[in-house]
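Student: whatever this is, show me its structure:
(one chain, ligands or ions: 3)
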Amino acid sequence: MKVTLSVIKADVGSIGGHNRPSLKLMEALHDHLKKEGQRLLIDYKITHTGDDGCLLMSHTKGVDNQDIHRLAWDAFISATKVAKSQGLYGAGQDLLKDAFSGNVRGMGPGSCEMEFEERPSEPFVLFACDKTDPGAFNYPVFRGFADPFHNAGLLLAPDMAVGFEFSIMDVNYTEGDRIIILKAPQDLYDMAVLLRDPEHYVIESVKTRSTGETAAVVSTSRLHNIAGKYTGKDDPVALVRTQKQFPSTGEILSPWATAHYVVGDNRGSHIVSIMPCKQNSIISFFDGPAIVSALGICVHNGKFTEGVDLFDQPFWDTIRNKSAEKTLHIRDQGFFGAAMAPMEELEYTGVVERIKELDKKFSVRHNK
Ligand code: F6R
Ligand code: MG
Ligand code: MG
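Tutor: Ligands and ions are numbered 1, 2, ... in the order given. Now for the predicted structure:
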C-alpha cells in the first residue's frame, strides 16, 4: 500500500531551561493525537530530543496534507497550554504565527515527510537533533549515500551502484524553494562545494537513481527567515529508508561516528561536536552539546513496530566520549576564532550591536 510518513516537531516549552519537555507536556501531545488523530492517522509515535517534542505519524493522505498539519499544529497548541499552566520555560517558543494557515512549513515547527509504496518489509530511521540546524545533516547524509567508505553497498550491492540523486536547497533564499538537483557519483565535486557550507546549502532529500524512489527527507526550515530574526535553532529531523535498494541501517549510522562539528550549542552561536545520544536524552553542558537520536522502525500497512534505539549500544559510548572531548577542545578557546559561529549565524544581537557602537569610536590614522 501507499503510505505517508510525516514528522513534525517543535519546542513548545521545557523544564529547567531549554533542557527537556515535561511529562505532562508529552502527555498532552499523546492525548491530542490519540483523540483527534483517530480518523486521520493509521499510527503515531511521540519522542523528544532535548527540548523538542517530535510527532511521527503514518497515514494515507500524502505529503503537505492540511488536516495532518493542522492536527500537529493543534497538538502543539494544546501542549503549549500545558506548558504555560506549568510555567515551563519558552512555552510556545516555536509557534511563530498566531493562526494556522494550511501547512506548518513557515510557521515555526520543523517537518519532513515522504510518501511511498511500502515494501514487504519497510525499515526506516527517524533522526532528530537538538541545538543545531538542518545543515547538520549535510555531512552524514552525503557520506552515508555517496561515500563508499561508509556505504559499502555502493561497491558491493548492484542495486546501489548507479548512485543517488540529491536535492539541495539554498536556505538563505526566502522568495520560494530554491533547489538544485545533483547526482552522485558524477556531480560529487559540485555537491562538495555546496555542502561544505551547511548554513547556506542543505540537503533536502535523496532519491535512488535505480528506481527513482525517495530514500531520505530532511527538514529544511530556517527559523530566522520566518521570524525576520533569529528565534532559536531549527533543531532538524530526518527520515531515511534503509536496506535493499537503500543503504543499510548501519551504513547510514556510520558517518555519525565522526561526531562532526556543527553550528549550535549555547545560544545557537557556537561550534560543537554533535553527540549521538539515546532516545529522550536531555540537554545539559553549555546548553548543549548538540545531540542527535536515531530510532529504527518498520512500518507495515501503516502500522509501526516498536522502535529500536540505534545509539543505545556500547559502541556509541566511545563516540559519546570522543564527542565530549572534541567539544571540550573547541570550548577551551571560548569565543575566539572558530569556536564561535560566524557573524550571520549568531542567534543573539549583542555582538552585532556592540560592534555598531564601537564603529563610531574608530578613527583612521593616516600615516605620513
Ligand atoms: C540554544 C538554546 C539556549 C538558549 C540560552 C538562553 O538553542 O536554546 O542556549 O539560547 O539558554 O536562552 P534565553 O534567551 O531563552 O534566556
Ligand atoms: Mg527551547
Ligand atoms: Mg530545541
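Student: contacts and neighbour counts: CA atoms only from here.
Tutor: Will do.
Student: which residues are contacting stretch 40-56?
Tutor: Outside of stretch 40-56, the residues within contact range by Cα atoms under 8 Å, 6 or more residues apart in numbering are 5-14, 18-21, 26, 29-30, 33, 57-60, 67-68, 72, 128-130, 235, 279-283, 291-293, 302-304.
Student: mind redoing it with 7 Å?
Tutor: Residues outside stretch 40-56 that contact it (Cα atoms under 7 Å, 6 or more residues apart in numbering): 6-11, 14, 18-21, 57-59, 128-130, 279-283, 293, 302-304.
Student: try stretch 68-77
Tutor: Stretch 68-77 has contacts (Cα under 7 Å, 6+ apart) with I8, V12, L29, H32, L33, G37, F100, G102, N103, V104.
Student: looking at the residues you listed, which one is closest to S221?
Tutor: S221 has its nearest neighbour among those in V104, at 10.1 Å by Cα to Cα.
Student: who's in contact with the closest one?
Tutor: H69, W73.
Student: got it, and A146?
Tutor: A184, P185.
Student: C54 and ligand 3: what is the separation?
Tutor: Separation of C54 from ligand 3 (Cα to the ion, to the nearest Å) stands at 10 Å.
Student: which pLDDT does the model give the nearest residue to that residue once chain neighbours are set aside?
Tutor: Excluding the flanking residues, the one nearest C54 by Cα to Cα, 6 or more residues apart in numbering is K9, at 4.2 Å. K9 is assigned a predicted lDDT (pLDDT) of 97.
Student: got phi/psi on K9?
Tutor: K9 adopts backbone torsions of phi -140, psi 150, taken as degrees, to the nearest 10.
Student: correct me, but it touches M107?
Tutor: No. Counting by Cα atoms under 7 Å, K9 does not reach M107; the two are 11.6 Å apart.
Student: give me the more crowded residue out of these two.
Tutor: Higher neighbour count among K9 and M107: K9, with 31 against 21, using other Cα atoms under 10 Å.
Student: what pairs with that one across the strands?
Tutor: Residues in a beta bridge with K9, per DSSP bridges, are C54, G110.
Student: and L155, how many neighbours?
Tutor: Neighbour number of L155 under other Cα under 10 Å is 14.
Student: okay, it: pLDDT?
Tutor: We have a pLDDT of 97 for L155.
Student: which strands and helices sit next to the helix or strand that contains it?
Tutor: According to DSSP states H and E, L155 maps onto helix 153-156. The helices and strands touching helix 153-156, judged by 3 or more Cα pairs under 7 Å, 6 or more residues apart in numbering; DSSP states H and E, number zero.
Student: and for it, what's in contact with it?
Tutor: With Cα under 7 Å, 6+ apart, helix 153-156 has contacts from P148, M160, A161, P247.
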